[in-house]
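Student: sequence and predicted structure, then a few things I'm wondering about:
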Amino acid sequence: MRNLSVLLSVAAMGAWLAASPALADYKVGFITSLSGPAATIGVPYAKGIAAAKQYMPAIGGDAVTVIQLDDGSDPAAATRDARKLVEEDKVDILIGTGTSTSSMAMASVANELKVPYIAISPIKGGPADDGNLWALGVTQPPPLMVKAVAARIVRDGVKRLAYIGYSEAWGDYVYNGAKAAEKPDGLQVVTNERYARTDTSVTAQILKIMAAQPEGVIDGGSGTQGALPLLTLAERGYKGKIYGTPALVNGDFIRVGGKAAEGILCSGGPVIVADQLPDDHYAKKIALAFRDAYQKANGAPSTDSFSPYAFDAWLLFADAAPRAKAKAAPGTPEFHAALREALFSVKDLAGTQGFYNFTPASAYGVDERALVLMRLVGGKWIYEP
Amino acid sequence: MNLDIAAILTVDGVAAGAIYVLVAIGLVLIFTVTRVIFVPFGDIAAFAALTLAALNDKRLPGTAGLVVSLAVVASLMEAYALYARGRVKTIPRALAWYLLAPLILVAVTGGLSRLDPPVFVRALMAIGLVLPVAPLLDRIVFRPIADATVLLLLIVAVALHFALVGLGLLFFGPEGVRTDPFVDASLTLGGVIISGQTMLIVGAAIVFSLALYAMFGFTLAGKALRATAMNRTGARLMGIRPARAGTLAYLAGSLMAAVSGILIAPVNTIFYDSGFLIGLKAFVGAIIGGLTSYPLTALGAVLVGMLESFAAFESSALKDVIVFSLLVPVLIWRSLLSDEAQEDVEE
Amino acid sequence: MSALSPRALAIVAIVLALAAPHLVSAFYVTLLNYIGVYALVAIGLTLLTGVAGVVSFGQAALVGIAAYATAWLTTTQGLSPWIGLGFALVSTLAAAALIGLITMRLKGHLLSLSTVAWGLAIAFCFGNVDGLGNFTGIAAIPPIYLGPISLGPSQRIYYLILAVVVAGLWLARNLLDSRVGRAMRALRGGALLVESVAVDPFRARLTAFLLAAAFAALSGWLYAHLGRFVSPSSFDAGAGIEYLMMAMIGGAASPLGGLIGAALITWAKNAIQDYLPLIAGGAAGQLEIVVFSALFILFLQRARDGVTPYLAALLPWRPAPLAPAPLLPRRALPSPGAPLLTLEHVERRFKGLIAVSDLSFEVKAVEILGLIGPNGAGKSTTFNLITGVLAPSAGAIRFLGETVTGKRQYVIARSGIARTFQHVKLRPRMSALDNVLIGAFGRLSSGVFRAALRLNRAEEASARHDAQRALERVGLGARAFDLAGQLSLGEQRLLEIARALMTDPILLVLDEPAAGLRRAEKQALADLLRDLRAEGLTILVVEHDMDFVMNLVDRLVVMDFGCKLAEGPPVAVRADARVREAYLGGVA
């Protein structure tokens, strides 16, 4: 009998925990990777959301509650967390997470549970069984990220381009993007070297690259580990050009890469070089506001290109939420549908990482204006128009 | 693949292998004395590296806080255990060892960190700060279960590793660090550049291997330590204190972990979770040595480094698959070598 | 505290489980689903690690093979998840068979380390082999369909998972209480014990490994169609360790421990995720794993064997009453005086040392032969040569006319030589009856499938009845359900003899059976041996105790320095001058 009563009380507790009060305010479910290999990206995302809350704590007078969960860089955990946020906490929108793989897992859940989701890592969006897109990507599509750099690589006259990048989803993206820029008698990608985030040496890979005698090398890593190939290239006496993607644009990359990273040309969101932009650039004002809010919320200046994505996700939500609220009350499935419609009809919203225009046809809403080129000179990113 | 490339890969492999040697012989040391496969060894090495980087930035890292908390918990546990056994008089001495010594280390390091000591002193500070961690963890986590099966000790060690990784993330953040090399010189041997740092690592590996080999093979203290692992009760009957033997082994292991950490930091970018894979590959080397012989362990670790280097050249994506798959034939070879009747698993 | 019978509790648990989706919220149903999926792996692990003593860190890799197999089949080939199930089982079992054939002969720690090796190697493959979605994984896996009903929603697939888990527990329980299960349970007693009852340790371990792999395959299939998404990070080293943790927390010795461990760990992680932010604020994400590990370590420090022993203590276990059943068939025993075991010029060297030199003697059927000699004479080595623990360096050993030189222990055991051990080798936590039943391995025939589905009841009933008879034979009939570890040394020696008798031997080889026995116990033992001889059994006794031996045996063989010193009836041997000199150091 005692065992039975224990069981029943556990079940009751579970049911109680499951009940949640209905609020008129907004609830945001935010999943990020605060631990695990993707923490180098996930932690900045969390800081970005903190900056966004600092910048805009309320939307149209309504308070916003953020429930933040850590997925530990594991897509299965991201899936479970997403379900938890929707089924238990009854959030109005999902935002997250640190890796593309986990973000795509969240997108599946969003499609299944019919909840709008803003992905802050690049995803391949696909519609749900009702034909609608429920997942929105705030980032520039990876092919676009690489295209911006690739265009410059071709302009620089590089014919032989070597690739080294992560042996994971992000690495695949950059490689595919580079490959897409190939031309029959122009640019050729001559190597497809990979390394893991946890590797300590890429000598073998670099040796192969040197043997292929490239004129340029494009680095498909991120953060501090993105510096590893460059360090080894410098050791081996490589003197050619180096290119990168927004994933390399952060302070720790500069710190670890040091001299070896000097001169790298990366594509990136405008926010990084906000103060060097011309005054009439769409991103200047909002980017500076972001920097300010970030400093206030996190006590240190922003040096990475990840946190602005989270900030922009907030901006998108803030733009769409009041329009959706006019049609349905927050906390209801009708609100989810209304919010989805509102998100996919965002027009001309200036963000830190792009100029957003969404249509129901596509999960991405940015164009070439979302990327600028910047070169690392003397430890600082210099805008190269 | 030509001779030039092979030479470069060999140097690279030996350099990586030397790091694995340091970690591997430390693992073997702790295992031969306490029967614990000390998985967090790599994490402590990573802590040392991260601590050094923090000291370079003139910050007192979270390691200090960790040591203080561990010291307090360990002292409480030891004091209570002594009190329960009626040996109240020995409590002050225990406190001196478990509480004062670590606190003094932290205080000295804390004081020095405000000044701007030279690189060498900072390295010593980093070692000093990390040194108490393993013995204190031994007291808190392993001493209560010292007579458990090897499997239980291994699982607990793995749980401890997870905890240390989590703490590392908390103290040091997710980004990696790379410190400046201690030695800037480099040597050119047969057309291949060998950096001074690599030579330092190889040198340290050789020195430690020989030292441990000599101590365990030829001194009484070493044999006493080995006796404790083989039979705790028997060792106690011979007047050896297993608890003290364990503490000594962990202290020596901690020292080697710290040294390997600060030696790797200029060569590789160290993250809060770098320790695991380094420890794992070093462990493969230790297996080749049968978890008993230091020279073979050193050889095995170097072999793993070389294998990794060459496998990465063949297929960078599958290099880990190759390294770990080749462990199986090694195990089979080891199993054929060992003739002893299978140890009865305790119920 | 009323005495709840296990059966009543099981019924209550199942009723609650069936009602659960209506009692708890949708998220908790998802949590229960994952608990069920993880529990399957953990149950397999309790069989492999807890029972058979093989610590496996690589189960996550096997789960991954199954998950990827069905994911690939149902997405790229568009086939039904049920075909995916078959494909997943076949792939995983094939991989496990290959791995097992290579590694199950490894000894001790090396076997566990090999699981780390292949677990990591396979896990690294998932992300690197093309066609499996690389690191993005495979998404949009279709749900399982039961006819027209889709098991996509959590509440529906819950019932499938519940059914599989309950079935898994039932099958595991049946297995443990069978011929195959007892062979696995004997493995932890060491190779010598296992081989002495005609069990091939390699095959027993391989069986346990394949069973655990089957459980892992089921789990992988369900996992893929539950989460509808697979990626390499779910099957890495960390996952493998977590499964092991689940088995250990729950109590690795019992399949139920797997379920309990999975439930506890999943629930704990969820609870920590919910409540830690209230205490630790922003640092909660990083601290989750620290808190979880600290709790885990604390738990293991207090309760090394996990949760199930505590539960078992609360629930009284009433043994099944023994119904009369036909006895198992027995071998025909040879006629008295015929040569049974012959040693011809047997020699055994250990590098430079000659332990046994040019030893020849014969054991005739239906006699008691004593093998005696001073310390270091080579008696134990001879014993090991006869039972197959060691192979002779030269010479031949024949049993019933067949050469057994160099054959494996378990082959020799199966041909009719049963042995006991100088240091008693029993399974202390199994009942006396179960210990004796281990000996029946060679006489029974049901394999894994018949055992799992309980089709072996007739055979089991006969075996149990036979075992009870054997216990009564040695005088332990009343102690059948006591744990072997609770018996006195004398009783344990008798228990070993009962087990040896259970193998239906022709020759019984006893290693110092009287050592450590009191006078009355020695009398009883001698009486028993004489009775056994009267029934047609032949007995070879290696002994130190002169009194015991002289009054018991028909003939004696005396060894010294590895050679045969004298042979003959006790009276003659006792008077032999050379024997006296060897024992007493001079002419008495």
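Tutor: Arrived safely.
Student: ok, which stretches of the stretch 201-350 of chain C are strands?
Tutor: C:339-350 (DSSP state E, counting those that start in this stretch).
Student: what residues does it put near chain A?
Tutor: Residues of the stretch 201-350 of chain C lying near chain A by Cβ under 8 Å from any Cβ of the partner chain: C:227-229, C:231, C:233-234, C:273-274, C:277, C:284-286, C:288-289. In this view, the C-beta of every residue, glycine as well, is placed from N, C-alpha and C.
Student: widest-spaced pair of the residues you listed?
Tutor: Farthest-apart pair in these is C:228 and C:286; separation 29.5 Å (Cβ to Cβ).
Student: of those two, who's got more company?
Tutor: residue C:286 (25 against 22; other Cβ atoms under 10 Å in any protein chain shown).
Student: any chance of a markdown table for the residues of the stretch 201-350 of chain C next to chain A, columns distance to residue C:9 and pLDDT?
Tutor: Shown next, in a markdown table, are those (distance: Cβ to Cβ, whole Å; pLDDT from 0 to 100):
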| residue | distance to residue C:9 | pLDDT |
| --- | --- | --- |
| C:227 | 31 | 86 |
| C:228 | 35 | 85 |
| C:229 | 36 | 84 |
| C:231 | 39 | 84 |
| C:233 | 38 | 81 |
| C:234 | 33 | 86 |
| C:273 | 30 | 84 |
| C:274 | 29 | 83 |
| C:277 | 36 | 79 |
| C:284 | 37 | 69 |
| C:285 | 39 | 71 |
| C:286 | 40 | 74 |
| C:288 | 33 | 83 |
| C:289 | 34 | 84 |
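Student: of those, closest to residue A:273?
Tutor: Distance to residue A:273 across those (Cβ to Cβ) is lowest for residue C:285, with 30.6 Å.
Student: the lowest-mean-pLDDT helix or strand in chain C - contacts with which helices or strands?
Tutor: Here the helix or strand of chain C ranked lowest by mean pLDDT, DSSP states H and E is helix C:577-584, holding a mean of 78. Applying 3 or more Cβ pairs under 8 Å, 6 or more residues apart in numbering or on different chains; DSSP states H and E, we find helix C:577-584 packed against strand C:555-560, strand C:563-568.
Student: do you know which of those strands lies nearest residue A:371?
Tutor: strand C:555-560 (90.4 Å).
Student: per-domain residue ranges of chain A.
Tutor: A:11-140+A:289-370, A:142-268 (automatic domain parsing).
Student: export those domains as a markdown table, with columns for distance to chain C.
Tutor: Formatted as a markdown table, these follow (distance: least, Cβ to the nearest Cβ, whole Å):
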| stretch | distance to chain C |
| --- | --- |
| domain A:11-140+A:289-370 | 3 |
| domain A:142-268 | 4 |
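Student: what about the longest helix in the chain?
Tutor: No chain specified, so I'll use chain A. Taking DSSP state H as the criterion, chain A has its longest helix at helix A:307-325.
Student: sorry, should have said chain B
Tutor: helix B:3-34.
Student: anything in that helix sitting right up against chain C?
Tutor: No: Helix B:3-34 is not in contact with chain C by Cβ under 8 Å from any Cβ; minimum separation 9.7 Å.
Student: helices and strands around that helix, which ones?
Tutor: So helix B:3-34, by 3+ Cβ pairs under 8 Å, 6+ apart, packs with helix A:203-211, helix B:41-56, strand B:192-195, helix B:196-218, helix B:220-230, helix B:242-264, helix B:274-288, helix B:294-314.
Student: I'd like these as CSV, with mean pLDDT appended.
Tutor: As requested, the helices and strands packed on helix B:3-34 are exported to CSV (pLDDT from 0 to 100):
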stretch, mean pLDDT
helix A:203-211, 87
helix B:41-56, 91
strand B:192-195, 76
helix B:196-218, 84
helix B:220-230, 78
helix B:242-264, 87
helix B:274-288, 86
helix B:294-314, 86
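Student: just to revisit the earlier point, deepest of the helices and strands packed on helix C:577-584, which one?
Tutor: strand C:555-560 (a mean of 23; mean count of other Cβ atoms under 10 Å in any protein chain shown).
Student: and residue A:95, what helix or strand is that in?
Tutor: Following DSSP states H and E, one finds residue A:95 within strand A:93-96.
Student: quick one: mean pLDDT over that strand.
Tutor: The predicted model gives strand A:93-96 an average pLDDT of 93.
Student: residues touching the nearest residue to residue A:223 once chain neighbours are set aside, list them.
Tutor: Nearest non-adjacent residue to residue A:223, counting by Cβ to Cβ, 6 or more residues apart in numbering or on different chains: residue A:40, 4.2 Å away. If a contact means Cβ atoms under 8 Å, 6 or more residues apart in numbering or on different chains, then residue A:40 has A:222, A:223, A:224, A:225, A:252, B:174, B:175 as its contacts.
Student: related to what we said a few turns ago, got the domains of chain A as JSON lines, with distance to residue C:464 columns?
Tutor: Output for these, formatted as JSON lines (distance: least, Cβ to Cβ, whole Å):
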{"stretch": "domain A:11-140+A:289-370", "distance to residue C:464": "40"}
{"stretch": "domain A:142-268", "distance to residue C:464": "55"}
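Student: quick one: closest of the ones you listed to residue C:5.
Tutor: Going by Cβ to Cβ, the one of these nearest residue C:5 is domain A:11-140+A:289-370, 22.6 Å.
Student: any idea how far the closest one is from the chain center?
Tutor: What separates the centre of domain A:11-140+A:289-370 from the centre of its chain is 11 Å, taken as Cα atoms, centre = their mean, to the nearest Å.
Student: got the angle between the least confident helix or strand of chain C and strand C:555-560?
Tutor: Calculated by axes from the mean of the first three to the mean of the last three Cα atoms, to 10 degrees, helix C:577-584 forms an angle of 60 degrees with strand C:555-560.
Student: list the buried ones in helix C:577-584?
Tutor: Residues of helix C:577-584 classed as buried: C:579, C:582, C:583 (neighbour count, 16 or more other Cβ atoms under 10 Å in any protein chain shown).
Student: same check on stretch B:68-81?
Tutor: Using 16+ other Cβ under 10 Å as the test for burial, stretch B:68-81 gives B:68, B:70, B:71, B:74, B:75, B:77, B:78, B:79.
Student: ok, then the element right after the helix or strand hosting residue A:53?
Tutor: Under the criterion of DSSP H and E, residue A:53 resides in helix A:39-55. Next along the chain after helix A:39-55, taking DSSP H and E as the criterion, comes strand A:58-59.
Student: can you name the residues in contact with that following strand?
Tutor: Here strand A:58-59 has contacts from A:26, A:64, A:317, A:318, A:321, A:322, using Cβ under 8 Å, 6+ apart.
Student: kindly recompute the last result at 6 Å.
Tutor: A:318, A:321 (Cβ atoms under 6 Å, 6 or more residues apart in numbering or on different chains).
Student: right, is the longest helix of chain A up against chain B?
Tutor: No: Helix A:307-325 stays clear of chain B (Cβ under 6 Å from any Cβ of the partner chain), getting no nearer than 13.1 Å.
Student: tell me the angle the next helix or strand after that helix makes with helix A:307-325.
Tutor: Using DSSP H and E, the helix or strand that follows helix A:307-325 towards the C-terminus is helix A:333-343. If you take the same axes, to 10 degrees, helix A:333-343 sits at 120 degrees to helix A:307-325.
Student: by contact count, what packs against helix A:333-343?
Tutor: helix A:307-325 (3 or more Cβ pairs under 6 Å, 6 or more residues apart in numbering or on different chains; DSSP states H and E).
Student: got the angle between the helix it packs on and helix A:39-55?
Tutor: Using the same axes, to 10 degrees: helix A:307-325 against helix A:39-55 is 50 degrees.
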